[in-house]
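S.K.: Generate coordinates for the sequence data below:
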Amino acid sequence: MIIKILKPGLEVKLVESNGKKVSFLKYAIHSLRLKGITAFNKRIEALTEGLKEWGCNMVTSRAMTSLEKIIRLSDPFLEPGGIITGFLGKEGEKELKDIQEVLLNYHLVIKNSITYRLPEKESERTTVLIQKAAFSNSFHY
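M.R.: Residues are numbered from 1 along each chain as shown. You can find the predicted model right below:
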């Protein structure tokens with residue numbers, strides 16, 4: 001929702017499995033009079049094929065699961081050239097090393113990785129931007 005406020009022209013779709021959180025999101029969207037933003041009360045795994053055709057150029061996720069699973073769940077929505085934003089915990093650097101094969105399988109590359117510390121926290125966190133290859137319509141052999 002913050003991204004939508006900062007970039008009002010973007011089309012934003014929020015997917016949340018917790019009904020109470022979706023109710024709050026809908027209330028906030030209405031109260032802020034935001035246009036072009038929709039909140040869905042679903043698990044990302046349960047979205048229909050029609051919704052998978054959204055063609056997102058950016059997918060963000062709160063730290064809900066492993067980066068590998070976020071990639072697997074996000075890939076059907078992500079357009080070529082699109083970005084997945086991952087938020088990693090204290091094992092972030094290790095997780096990035098462990099997903100090299102996954103990145104290759106999904107035609108993804110790490111574009112940027114930012115390590116930081118939250119105020120009053122000892123462990124480091126990492127935010128990573130992962131880009132899907134932008135394939136052309138023609139094949140080269």
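
S.K.: what stretches of this protein score poorly on pLDDT?
M.R.: 48-54, 63-64, 135-141 (pLDDT under 70).

S.K.: Now do the strands for it: every range, in order, please.
M.R.: 12-16, 37-41, 56-60, 78-88, 108-117, 124-132 (DSSP state E).

S.K.: Listing partners with orientation, what would you give for the longest one?
M.R.: What that stands for is strand 78-88. strand 56-60 (parallel), strand 124-132 (antiparallel) (DSSP bridges).

S.K.: contacts for the first one?
M.R.: Right, the one you point to is strand 56-60. Ile3, Lys13, Ser74, Phe77, Leu78, Glu79, Gly81, Gly82, Ile83, Ile84, Thr85 (Cβ atoms under 8 Å, 6 or more residues apart in numbering). All C-beta spots, glycine's among them, are computed from the backbone N, C-alpha and C.

S.K.: picking up where we left off before, now render the strands of the chain as JSON lines, adding mean neighbour count.
M.R.: JSON lines is the format used below for the strands of the chain (neighbours: other Cβ atoms under 10 Å):
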{"stretch": "strand 12-16", "mean neighbour count": "18"}
{"stretch": "strand 37-41", "mean neighbour count": "17"}
{"stretch": "strand 56-60", "mean neighbour count": "18"}
{"stretch": "strand 78-88", "mean neighbour count": "18"}
{"stretch": "strand 108-117", "mean neighbour count": "12"}
{"stretch": "strand 124-132", "mean neighbour count": "18"}
